[in-house]
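Undergrad: show me the folded form of this:
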Amino acid sequence: MSRLRWLLPLAIFVALGASAPEPETWIRTHAIPLKTVEAGHGFDDLQPLAKVVGDARIDDSLDHALASAGIPLFALDLRQLPPQGPVAQWFAEPRSARSIGAVYGGGQPPEWSIATLRWPEVFDVILFVEKTTAARANP
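TA: Presented below is the predicted three-dimensional model:
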């Protein structure tokens, strides 16, 4: 009901041909349009954020690291990680990754599809699949 109370005045506002509200105008002038959310299209459209981000990594997730290897389909044996050094240190930290599984249909709360784990403590092997499609019913 509260959503309807908000939408009705907005619809009237738009129907009367009034100018855009102040927040909307600010958003239009400050938004940084992005080309796509699909993986594999680079980060060129994020360049305007370079001043804000600086040397920080845009994404320090497990997904990003696996995708950055440039191999579209692979298995990674986490039992073979070096016992020390930068790779061992990186994998020793909790890393976020999408965990879609068999029941993903979109619309779930983020906590249902993002897992933040110390992956070598939980899995022996990770399978990386760059592109997948939704399951289709058998005929």
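Undergrad: SS state for A50?
TA: Following DSSP: H, G, I helix; E, B strand; the rest coil, the label given to A50 is helix.
Undergrad: run a quick neighbour tally on H30.
TA: Burial measure for H30: 7 neighbouring residues, criterion other Cβ atoms under 10 Å. Yep, even glycine has a C-beta here, placed from its N, CA and C like the rest.
Undergrad: report pLDDT for it.
TA: According to the prediction, H30 has pLDDT 74.
Undergrad: what segments of the chain are strands?
TA: In the chain, the segments counted as strands under DSSP state E are 73-77, 95-98, 114-117, 125-129.
Undergrad: got the CA coordinates for the second one in PDB?
TA: Output in PDB follows, covering the C-alpha atoms of strand 95-98 (Å, rounded to 0.1, in the frame of the first residue of the first chain):
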ATOM      1  CA  ARG A  95      36.400 -14.500  -0.600                       C
ATOM      2  CA  SER A  96      32.900 -13.900  -2.000                       C
ATOM      3  CA  ALA A  97      31.600 -15.900  -4.900                       C
ATOM      4  CA  ARG A  98      28.300 -16.500  -6.500                       C
END
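Undergrad: okay, now the sheet partners of it, with direction.
TA: strand 114-117 (antiparallel) (DSSP bridges).
Undergrad: averaged pLDDT, the strand it pairs with. What do you get?
TA: 83.
Undergrad: now the helices for the chain?
TA: Assigned by DSSP state H, the chain shows helices spanning 2-15, 22-30, 50-53, 62-68, 86-92, 110-113, 119-122.
Undergrad: list the buried residues in the fourth one.
TA: Within helix 62-68, the residues that qualify as buried are L62, D63, A65, L66, A67, counting by 16 or more other Cβ atoms under 10 Å.
Undergrad: which one of these is nearest P94?
TA: L62 (9.6 Å; Cβ to Cβ).
Undergrad: contacting residues for that closest one?
TA: Neighbouring residues of L62 by Cβ atoms under 8 Å, 6 or more residues apart in numbering: R95, S96, A97, W119, I126.
Undergrad: low-confidence stretches in the protein?
TA: Counting by pLDDT under 70, the chain contains low-confidence ranges at 1-21, 37-40, 52-58, 100-113.
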